[in-house]
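Student: Turn this into a model:
(one chain, ligands or ions: 1)
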Amino acid sequence: MSNMKKYETDIVVVGAGNAAMCAAIAASENGARVIVLEKAPESEKGGNSTYTHGSIRFAYNGVEDLKQIMPDLSPEDIETSDFGTYTEDEFYEDMCRITNYRTDPELASILTSESFETVKWLQTHKVRWVPIYGRQAFKVDGKFKFWGGMIVESVGGGPGLVGALHEEAAHLGVQVLFNAMATELIHDDLGVKGVIFKHNGITTEIHAKAVILASGGFHANPEMRTRYLGPNWDLAHTRGSRYNTGEGIQMALNIGAVSCGNWSGCHSVGGDRYLPDFSEGFQKLSYPFGIIVNAEGKRFVDEGADFRNYTYAKYGRQILEQPGQFAWQIFDQKVTHLLREEYKSRTVTKVKANTLEELAEKLEGVDPVGFLHTMKEYNAAVRKDIPFNPNIKDGRYTEGLAVRKSNWANTLDQGPFEAYAVTCGITFTFGGLKINNKTEVQNVLSQSIPGLYAAGELVGGLFYFNYPGGAGLVAGSVFGKIAGENAARFIKKNDLILDILDKN
Ligand SMILES: Cc1cc2nc3c(=O)[nH]c(=O)nc-3n(C[C@H](O)[C@H](O)[C@H](O)COP(=O)(O)OP(=O)(O)OC[C@H]3O[C@@H](n4cnc5c(N)ncnc54)[C@H](O)[C@@H]3O)c2cc1C
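Tutor: Residues are numbered from 1 along each chain as shown. Now for the predicted structure:
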């Protein structure tokens, strides 16, 4: 230990994804010297944030607000788009509804009320936003109508967002150490004083006045998944970053932090059955326009319960619970033009058939008799008198089925039919550390651990069972920014006290 290399700074940030870099930028612009420790090599920087489309959810009151975060929005964009509004109250209500009213009211309130200003703040720090035409809006009568509260994405998607944040941090003088895996917090009775980490395999210490943990959850750790999420979660496909294996959470628990939130819950989606872990283009999210069947040929979820943004993050678990942990999504010609980009990939597991009978024979692992029975029942139950409209919850439902389809229920009767084999892919975990409104990490005695802050995926308490699309990035940005600001404030206050003590 005596030859251990040592660093010193004001604030150490653990992780280099969206939450971490927002924290680093905010701390730096508030006068602190910042060093970021990132476990991954530089070529894989940015964790799950890099894997996103950069789609972000925030509250806005109309196009005038949007012009503030997208100064390049052209008169044609405005003319040809119906952006609607998404108020703070609507965002807050979505957080409550989607989490079965379990979300922490204080954190959800901060998230929703700070979301717009934070997205605007990002725009002043090199991040550029554009409307998500196509994926979040369909064209009706020549106009794009947006739905679901998530309307913009970062230019260049996740890599664009992470690249912009790293560029801005570097410009502000933040140093990032790659291949730097945090393993332990340095602390005493007065609080946290730094981090021990492996830098290129060598044990190294960094001493600091405050530490901000932003190193993601444990979705890429099959042992922790099985321990906390339950049996079969070791079998789930792993999406996103291979580096989010839970050390940040564990390091804090080891010094007395209290666990918080939905430790048995996670964000998981349906995606290609045979793609290897960490693959791009895994998810298959156009299921609201078709149906999903299991190995018995039976439907098991309401594919049209709500807009895709509000159901996709919980339907992965439903697939994991089916026999063999797989399912097939089925579409007919009336809707295949609505399928998202990811269905066009060459690696997709797909079969095509002219008739349902032919399709039944091609669905690997599915009982053909059960499937044809389901199709007959389903087609007969569709309320064809209600018009189909993909832009709104159209209320076109099935009548009398054990598993109802509540919206967008079209008959499946026009070949050629297309079917896609899916399994469950885990995106990120919901359980983590408890923070207060200043992002100070709480201990088992409900006190703040001095000098320890947290933001992003490793914070518990916001998401339970499900998640509204685009809330992961905004949560990381809102609480990352608050963590950076408060950690900088904390060290200034401490420096002032030390100064006064010195003078006396
Ligand atoms: C495929 C995919 C698509 C998604 N799409 C969206 C979307 O469009 N919109 C949205 O809002 N959300 C999306 N999400 C969710 C979103 O990615 C996360 O909620 C968010 O990025 C989490 O940010 P974070 O900064 O907390 O974690 P991350 O971005 O994962 O960053 C954590 C960082 O910590 C590092 N790290 C881990 N352990 C250590 C350690 N011991 N020491 C040092 N560093 C460590 C990791 O390498 C990583 O860089 C998506 C996720 C995936 C996987």
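Student: now whichever residue of the stretch 301-450 of the chain sits closest to the ligand, nearest residue through space, not along the chain?
Tutor: Nearest residue of the stretch 301-450 of the chain to the ligand: T427, at 4.5 Å (CB to the nearest ligand atom). Backbone N, C-alpha and C define where each C-beta goes, glycine included. Nearest non-adjacent residue to T427, counting by CB to CB, 6 or more residues apart in numbering: H267, 4.1 Å away.
Student: who's in contact with the residue of the stretch 301-450 of the chain closest to the ligand?
Tutor: With contact taken as CB atoms under 8 Å, 6 or more residues apart in numbering, T427 is in contact with N48, H219, R239, G240, C266, H267, S268, V269, A313, G316.
Student: need those residues in TSV with secondary structure and neighbour count, can you?
Tutor: Shown next, in TSV, are the contacts of T427 (DSSP: H, G, I helix; E, B strand; the rest coil; neighbours: other CB atoms under 10 Å):
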residue	secondary structure	neighbour count
N48	helix	27
H219	coil	30
R239	coil	26
G240	coil	26
C266	strand	28
H267	strand	27
S268	strand	28
V269	strand	25
A313	helix	26
G316	helix	25
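Student: just the residues you listed that are near the ligand?
Tutor: Subset of the contacts of T427 in contact with the ligand: N48, R239, G240, counting by CB under 6 Å from any ligand atom.
Student: Which of the residues you listed sits closest to A26?
Tutor: The shortest approach to A26 among the ones next to the ligand among the contacts of T427 belongs to N48, at 20.0 Å (CB to CB).
Student: part of a helix, is I25?
Tutor: Yes. Per DSSP: H, G, I helix; E, B strand; the rest coil, I25 lies within a helix segment.
Student: returning to what we had before: so the residue nearest to T427 is in contact with Y464, correct?
Tutor: No. The criterion here is CB atoms under 8 Å, and H267 misses it with Y464 at 11.2 Å.
Student: shared neighbours of these two, anything?
Tutor: Shared contacts of H267 and Y464 (CB under 8 Å, 6+ apart): F430.
Student: Mind listing the strands the lengthiest strand in the chain pairs with, and their directions?
Tutor: Counting residues, the longest strand in the chain under DSSP state E turns out to be strand 417-429. Paired with strand 417-429 in the same sheet, following DSSP bridges, are strand 237-238 (parallel), strand 266-272 (antiparallel), strand 326-331 (antiparallel), strand 350-353 (antiparallel).
Student: Identify the residue nearest the geometric centre of this protein.
Tutor: With distances taken as CA atoms, centre = their mean, G472 lies nearest the centre of the chain, 3.9 Å away.
Student: what's the helix or strand for that one?
Tutor: Per DSSP states H and E, G472 falls inside helix 471-503.
Student: ok, and for that helix, which residues are buried?
Tutor: For helix 471-503, a neighbour-count test (16 or more other CB atoms under 10 Å) marks 471-491, 494 as buried.
Student: near the ligand, from the residues you listed?
Tutor: With CB under 6 Å from any ligand atom as the criterion, the buried residues of helix 471-503 include A471, G472, L473, G476 near the ligand.
Student: Please list all residues in contact with the first one.
Tutor: Neighbour list for A471: R57, M95, L111, L462, F463 [criterion: CB under 8 Å, 6+ apart].
Student: now the second one: how far from Q175?
Tutor: The one in question is M95. M95 sits 35 Å away from Q175, going by CB to CB, to the nearest Å.
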